[in-house]
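K.L.:
A predicted structure for the sequence below; I have some questions about it.
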Amino acid sequence: MLLRCALLAVLAHLCVAKIYFKEDFSDASWRDRWVQSTKRAQGAIEWSAGELHGGEDAEKGLLTKEDMKHYTVTAGFDEFSNRDKNLVLQYQVKLPKKFDCGGAYLKLYPKGVDLSTIDGDTGYDIMFGPDHCGYSTKRIHAIFNYKGKNLEKKDEIKVEYNEKDELTHLYTLIVKPDNTYEVQFDGKTKASGNLLSDWNFLPPKEIDDPTDKKPADWVDEAKMADPEDKKLEGYDDIPKQIADPSAKKPEDWDDESDGEWEAPMIDNPEFKGEWKPKMIDNPAYKGVWHPKRIANPDYVEDNSVYAYDNIGAIGVEVWNVNGGVVYDNVIITDDIEEAKAFADDTFKGVQEREKKVKEDKEKAERDARAAAEEAKKKPAADDDDEDDDEDEKKEDDKKKDEL
């Protein structure tokens, strides 16, 4: 009975889960599915795992090859709507060791865009993924288009790792039909919450009443000068500086030639600055005035800001200072577990293999440097031996002469 229930559950999942797009770049046929834009000059792309990899063909992906180039390459698929369903966008990115500035994000486009002419001005539905520039900018973009406007998250989603990180990382965006979202980095939550509160999809429900004016007799000064506080007699006569009482005329000072000696001036410890009465609580204070709040006539409730009805393409549209970015294992689905399973198949163990390759490479470089240093020392040692042999020969010749 339990086996039957488990089987039914699996079958139900397979029936319900929908994969809209999946690309693992497992062979060179990916070029049949992806189109590079001809709108402007493009950097070269190739099928590669980049410089750091574990030697597996499965680690190959779409690699941006050249520096200081635009990269615009997209793939189309059967259009779908995420209305009343989850939307999960997930993919892997590996940045090169030197990556000064650029994005490594993906964009979801509506059906009907001309893939061969896409550029930075082409409208998109969602933009998601990392954006790095120098030491200050390391973030994950999550931008949603709403009624023609691209809306950035109110606060940045920071990513914190070494700027020379060469490892593959996993980026996941989950958008749910209740307008909640989650952004994951390497399978761990980096940000989550509600779209309506974390993005400016809608104007505020209430605004200040523009016709409401502050009453003329409104007192908004919390403090006032104490009317009982009086300036002490002679206060203004206290000088700011006085002659230094500890100063002594030098013994060699000559009044006739040096002039009349005067002690240097120092700050007067008795000087208290400009007199001001002390401040006390204002008994007439009414608090900070605010205009009345009224309903915003521009506010229209919309509980479907999460929904896009004709998503039909996905692509890379970036400009990078440094080439060498590898995109791999892209999936768009309505099932969170399906995306997790794909990550288990493609991402699990990748970083460990890359770390091992990196450690082996660094060790080989250290060994090579050490061998080079030894090679530099060896001729000097040989010269010393030759000098010693010459000295011994001279000593033997001397002894022979003495005999």
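P.N.:
Nice, I can see it.
K.L.:
check contacts around residue 332.
P.N.:
Taking C-beta atoms under 8 Å, 6 or more residues apart in numbering as the contact definition, residue 332 lies against 19, 20, 21, 22, 77, 87, 88, 89, 90, 108, 311, 314. Where C-beta positions appear, they are placed from N, C-alpha and C, glycine not excepted.
K.L.:
Show me just the buried residues among those.
P.N.:
Buried by 16 or more other C-beta atoms under 10 Å: 20, 21, 77, 87, 88, 89, 90, 108, 311, 314, out of the contacts of residue 332.
K.L.:
what about the nearest residue to residue 16 once chain neighbours are set aside, distance to residue 345?
P.N.:
For residue 16, ignoring the flanking residues on the chain, the nearest one in space by C-beta to C-beta, 6 or more residues apart in numbering is residue 335 at 7.3 Å. Residue 335 sits at a distance of 15 Å from residue 345 (criterion: C-beta to C-beta, to the nearest Å).
K.L.:
Look at those two and report which has more neighbours.
P.N.:
With neighbours defined as other C-beta atoms under 10 Å, residue 335 and residue 345 compare such that residue 335 has more, 18 against 11.
K.L.:
The more buried one contacts residue 20, correct?
P.N.:
No: checked against C-beta atoms under 8 Å, the pair residue 335 and residue 20 is beyond contact range at 10.5 Å.
K.L.:
Overlap of the contact sets of these two?
P.N.:
In contact with both residue 335 and residue 20: no residue, using C-beta under 8 Å, 6+ apart.
K.L.:
dump the residue contacts of the residue nearest to residue 16.
P.N.:
Shown in contact with residue 335 (C-beta under 8 Å, 6+ apart): 13, 16, 17, 18, 19, 86, 88.
K.L.:
Residue 41 now?
P.N.:
Going by C-beta under 8 Å, 6+ apart, the list of residues near residue 41 reads 69, 70.
K.L.:
the helices in the stretch 51-200 of the chain, which residues?
P.N.:
Here the stretch 51-200 of the chain has its helices, by DSSP state H, counting those that start in this stretch, at 195-198.
K.L.:
same check, this time on the stretch 251-400 of the chain
P.N.:
With DSSP H, counting those that start in this stretch applied, the stretch 251-400 of the chain shows helices at 255-258, 336-346, 350-402, listed in chain order.
K.L.:
Any idea which of the ones you listed has the lowest pLDDT on average?
P.N.:
Set side by side, the helices of the stretch 251-400 of the chain differ in mean pLDDT, and helix 350-402 is lowest with a mean of 74.
K.L.:
Could you count how many residues lie near the residue nearest to residue 117 when sequence neighbours are not counted?
P.N.:
The shortest distance from residue 117 to any residue that is not its chain neighbour, by C-beta to C-beta, 6+ apart, is 4.8 Å, and that residue is residue 39. Around residue 39 sit 16 other residues, with neighbours defined as other C-beta under 10 Å.
K.L.:
Brilliant, that's me finished.
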